[in-house]
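Trainee: curious how this folds, go ahead:
(one chain, ligands or ions: 1)
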Amino acid sequence: MSKTSIALIGAGLIGRTHIDRITRSSNLQLAAIADPTEAGKALAGSLGVPWFADHRSMLDAVKPQGAVVATPNQTHISVAVDCLERGVAALVEKPVADTVAEAQVLVDAQTRTGVPVLVGHHRRHNPINRRAREIVASGRLGRLVAANVMATFLKPDPYFDVAWRRQKGGGPILINLIHEVDMLRFLMGEIVSVQSIASNAVRGFEVEDTAAAVLRFANGALGTVLLSDTATSPWCWDFCAGEQDQYPRQNVQSHFISGTHGSLSLPDLELWNYRGERSWHAEMTQEKTFVHKADPYTWQLQHFRDVIEGREAPLCGALDGLRTLQATLAVHDAAVSGQSVNLAA
Ligand SMILES: NC(=O)c1ccc[n+]([C@@H]2O[C@H](COP(=O)([O-])OP(=O)(O)OC[C@H]3O[C@@H](n4cnc5c(N)ncnc54)[C@H](O)[C@@H]3O)[C@@H](O)[C@H]2O)c1
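Mentor: Next up is the predicted model:
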């Protein structure tokens with residue numbers, strides 16, 4: 001089997017996760033690493049792959065089939081556009097950009113070049129979410145009514161020793177909530193308006209430590225997301241979905257979706273409905289779907305291979321990345337202004 005050559009641009013925390021999955025794979029080949037740091041150079045040396053300080057030199061010399069863009073947010077668009085203009089497909093880490101205007105630059109570049117973009121909203125590749133989406137699409141929940149998400153966790157105090165994490169934009173709305181927004185868009189459909197309240201009452205930093213968002217979906221359903229990085233609580237996806245070994249796993253649920261004919265909790269995929277009379281006086285039936293645990297980062301890279309080789313359309317393209325960013329920024333803006341924010345379809 002011929003291997004698909006993938007270059008890695010930005011070998012930091014998440015870049016190394018991608019490198020780990022690429023080097024373990026039987027059908028992907030790590031073509032090169034571009035990262036200006038000594039640590040990036042040393043990593044490339046230890047893996048026996050070419051190292052470049054500059055991603056453009058790497059793209060021109062190595063000509064990989066795809067590149068993972070895992071650099072800081074503000075560089076995503078310029079680096080990804082450099083890839084597309086050389087015919088190299090790009091897996092761009094989330095958030096796709098810092099602003100909607102920048103994200104639009106990538107959407108335009110994708111349209112102009114015809115080279116695919118996959119945005120790294122890795123939860124979409126988790127088989128739990130894929131199954132949940134199938135259940136919703138099957139109509140078993142009926143018409144969607146409501147979604148309730150808990151994203152409450154405790155970041156340790158030393159996390160905030162880095163100044164930008166205490167300042168505007170460094171808080172859980174833009175860092176963490178974006179994952180919930182993308183997952184809700186994936187399962188519930190487009191978000192059309194947003195209201196929210198944020199608080200910094202516990203940590204007292206410039207940035208929020210807690211927020212409550214209310215979302216309206218295009219299909220008329222409503223959603224709430226409770227978010228806090230200062231709560232001693234097990235109720236968040238990262239703890240209960242088992243995606244990342246760095247978080248001890250908790251046997252709880254974090255996402256609840258209700259329709260006119262059934263409700264679904266995640267990650268346990270329990271489906272509740274009425275078999276006979278549909279009434280709050282009647283007994284409910286509880287069904288469970290088991291899915292195999294799988295690493296979403298591995299699945300995401302395998303999907304990227306299929307995208308590069310033209311077998312699949314990106315599960316999260318540039319426009320999807322833009323819309324998720326737009327709705328997340330709207331939660332932030334609504335908290336600041338106290339006004340509801342409408343999102344253009
Ligand atoms: N999907 C996820 O689960 C997930 C998790 C963590 C981070 N992320 C995203 O991944 C991105 C990187 O985050 P991180 O935590 O790995 O950051 P990091 O600071 O650990 O790593 C960034 C790396 O990029 C390198 N770099 C900077 N500019 C570069 C350039 N122009 N060319 C090449 N390399 C360059 C830096 O030297 C560093 O090694 C961010 O956008 C973040 O939001 C996603």
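
Trainee: partners of the residue in the stretch 51-200 of the chain that the ligand sits nearest to in the sheet?
Mentor: Closest residue of the stretch 51-200 of the chain to the ligand, Cβ to the nearest ligand atom: Glu93 (3.5 Å). (Glycine included, C-beta is placed from N, CA and C.) Using DSSP bridges, the beta-bridge partners of Glu93 come out as Gly120.

Trainee: can you count the residues close to it?
Mentor: 24 (other Cβ atoms under 10 Å).

Trainee: can you pull the pLDDT of Lys169?
Mentor: Careful, residue 169 is Gly; it's not Lys. Note for Gly169: predicted pLDDT of 78.

Trainee: torsion angles phi and psi at the closest residue to it other than its chain neighbours?
Mentor: Spatial nearest neighbour of Gly169, excluding adjacent residues (Cβ to Cβ, 6 or more residues apart in numbering): Val207 at 7.3 Å. For Val207, the backbone dihedrals (degrees, to the nearest 10) come out as phi -80, psi 150.

Trainee: report the contact partners of Val207.
Mentor: Val207 makes contacts with Arg165, Arg166, Gln167, Lys168, Gly169, Gly170, Gly171, Asn200, as judged by Cβ atoms under 8 Å, 6 or more residues apart in numbering.

Trainee: which of these ranks first by neighbour count?
Mentor: Ranking these using other Cβ under 10 Å puts Gly171 first, with 26 neighbours.

Trainee: can I assume that residue is in contact with Arg203?
Mentor: No. Assessed by Cβ atoms under 8 Å, Gly171 is found out of contact with Arg203, at 9.4 Å.

Trainee: got any residues that touch both of the two?
Mentor: Common neighbours of Gly171 and Arg203 (Cβ under 8 Å, 6+ apart) are Asp209.

Trainee: can you tell me how far Ala241 is from Leu266?
Mentor: For Ala241, the distance to Leu266 equals 8 Å [Cβ to Cβ, to the nearest Å].

Trainee: next: Gly10.
Mentor: Counting by Cβ to Cβ, the gap from Gly10 to Leu266 is 30 Å.

Trainee: quick one: name the residues of the stretch 51-200 of the chain near the ligand.
Mentor: His55, Ala70, Thr71, Pro72, Asn73, Thr75, Val79, Glu93, Lys94, Gly120, His122 (Cβ under 6 Å from any ligand atom).

Trainee: please pick the buried ones from those residues.
Mentor: Buried members of these, counted by 16 or more other Cβ atoms under 10 Å: His55, Ala70, Thr71, Asn73, Val79, Glu93, Lys94, Gly120, His122.

Trainee: what's the lowest-pLDDT member of those?
Mentor: Out of these, that is Asn73, at 91.

Trainee: pull the number of nearby residues for the closest residue to it other than its chain neighbours.
Mentor: Closest residue to Asn73 apart from its sequence neighbours, by Cβ to Cβ, 6+ apart: Asp98 at 5.2 Å. Other residues within reach of Asp98, judged by other Cβ under 10 Å, total 18.

Trainee: cool, and Phe290?
Mentor: If we define neighbours as other Cβ under 10 Å, then Phe290 has 8 of them.

Trainee: kindly report the same for Thr17.
Mentor: By other Cβ under 10 Å, neighbour count at Thr17 equals 17.

Trainee: just the closest residue of the protein to the ligand, please.
Mentor: Closest point on the chain to the ligand, by Cβ to the nearest ligand atom, is Gly12, at 1.7 Å.
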